[in-house]
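Student: let me see the structure of the following:
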Amino acid sequence: MTTPFVQDTKLTAIAVGFKNAELIADRVAPRVEVMSEDFRWTEYNSEEMMTIPDTKVGRKGVPNEVEFTAKERSGHTMDYGLSDAVPQSDIDKAANHPSFDPLGRATLGVTKLVDLAREKRVADFVRDGNNYNHKQALTAGNKFSDYDADFFEIFGLALEQPLMRPNVCVLGHTEWFHISRNKSLLKAMGRNVDTQEGKITRQEFVDLLEINELIVGQSRYNMANKGQSANLSRLWGGTAAFHYRNSNILSLEEDMTFMATASYLGKVAYQKQLEPGELGLRGGVKVTVGDSVNEVQIAKEAGYLFTGVL
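Tutor: Down below sits the predicted model:
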């Protein structure tokens, strides 16, 4: 099939290579390459996997037979993308200024927005209590901002409930600011708690709870509609999630993890020549960055969510 858009290897390299340190979606929902836009994953009945059947066999008997009712789910990657048009006059000016690359700059700008949209999709999924078998709404006196609340015990008990013990914690920067100053966590690290000062480090938090990683989201987005004054809000606020994450996941059909991202062909960047009249009097180039993905849940039993944490 022919297309007016031409894939550009240089622009694709810019889109793929761009990494915003503040974005955490790829760490929360690791990408797994799929062979086509249509893909499948397997969901197991956790009760069957943990129920011990009668394994005794008589001298002339036949071993009991078990049947696992695994559910095969099917999905389809979605195409997400944005475009930016660069006037020919900007391209002509850049010809005499090698340090300025208007097409590369447009690619970076569009990539940032495509990535931010993915960040919001993942954040909304992680913060939705319907995606968890285990959750707890914190009440007055047990908020992250309550210095005397015993979160060393609260977290410890919560981590023992899911079938797969969580190994990562995902929360927002404001939530981390408060919980890092909690008395019970400071005390567990042998700190002086009489002054209500000090904080634990991220590594100390990881070590205390015996998990692999603390992931702190800092991203903001503009909630205002077009034409309204900016209203910036944090994407990861209000909750704290604990997940079992398989960082080495290779297959959506065999590996266990809380959630993952089906990715088809990875990020790509295209350009299309625009004729005079399509973009001003001199035309230009339209740059498009796209990503074909679908964020899916593998195991609700592999997570724990705290809501109303502040």
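Student: list the buried residues for stretch 153-163?
Tutor: Of all the residues in stretch 153-163, those buried under the rule 16 or more other CB atoms under 10 Å are 154-155, 158-159, 162-163. All C-beta spots, glycine's among them, are computed from the backbone N, C-alpha and C.
Student: got it, and stretch 32-46?
Tutor: For stretch 32-46, by 16+ other CB under 10 Å, it's 32, 34, 39, 41, 46.
Student: farthest-apart pair in those, please.
Tutor: Based on CB to CB, the longest span within those runs between V34 and S46 and measures 24.4 Å.
Student: which ones among the buried residues of stretch 153-163 lie within strands?
Tutor: Of the buried residues of stretch 153-163, none are assigned to strands by DSSP state E.
Student: can I get these in JSON lines with distance to I249 and pLDDT?
Tutor: Putting these into JSON lines (distance: CB to CB, whole Å; pLDDT from 0 to 100) gives the following:
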{"residue": "I154", "distance to I249": "29", "pLDDT": "97"}
{"residue": "F155", "distance to I249": "25", "pLDDT": "98"}
{"residue": "A158", "distance to I249": "24", "pLDDT": "97"}
{"residue": "L159", "distance to I249": "21", "pLDDT": "97"}
{"residue": "P162", "distance to I249": "17", "pLDDT": "93"}
{"residue": "L163", "distance to I249": "17", "pLDDT": "89"}
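Student: and which of these is nearest N96?
Tutor: Closest approach between the buried residues of stretch 153-163 and N96, by CB to CB: F155, at 59.2 Å.
Student: please name the nearest non-neighbouring residue to that closest one.
Tutor: L209 (5.6 Å; CB to CB, 6 or more residues apart in numbering).
Student: pretty sure the one you found sits against L159.
Tutor: Yes. The pair L209 and L159 passes the contact test of CB atoms under 8 Å, sitting 6.5 Å apart.
Student: next one: A140 from A149, what distance?
Tutor: Applying CB to CB, to the nearest Å, the value for A140 to A149 is 10 Å.
Student: have a look at these two and say which one is more surrounded.
Tutor: Set A140 next to A149 and count neighbours by other CB atoms under 10 Å: A149 wins out with 18 against 7.
Student: so for that one, what's the pLDDT?
Tutor: In this model, A149 is scored at 96, pLDDT.
Student: for M78, same thing?
Tutor: At M78 the predicted local distance difference test score is 92.
Student: from V114, how far off is it?
Tutor: 12 Å.
Student: ditto for V32
Tutor: 19 Å.
Student: the more surrounded of M78 and V114?
Tutor: Taking neighbours as other CB under 10 Å, M78 and V114 compare with V114 leading, 20 against 14.
Student: correct me, but the more buried one touches L82?
Tutor: Yes. At 5.6 Å, V114 counts as touching L82 under the criterion of CB under 8 Å.
Student: which neighbours do those two have in common?
Tutor: V289 (CB atoms under 8 Å, 6 or more residues apart in numbering).
Student: so the closest residue to R202 other than its chain neighbours: helix, strand or coil?
Tutor: Residue nearest to R202 in three dimensions, not counting chain neighbours: L214, with 4.8 Å by CB to CB, 6+ apart. Following DSSP: H, G, I helix; E, B strand; the rest coil, L214 is assigned to strand.
Student: number of nearby residues for K226?
Tutor: 5.
Student: assign it to helix, strand or coil.
Tutor: Going by three-state DSSP: K226 is coil.
Student: which secondary structure elements does the top helix by length along the chain sit against?
Tutor: Assignment by DSSP state H gives helix 102-126 as the longest helix of the chain. Packing contacts for helix 102-126, counted by 3 or more CB pairs under 8 Å, 6 or more residues apart in numbering; DSSP states H and E, involve helix 9-17, helix 25-28, strand 78-87, helix 88-94, strand 239-243, strand 259-263, strand 268-274, strand 284-297.
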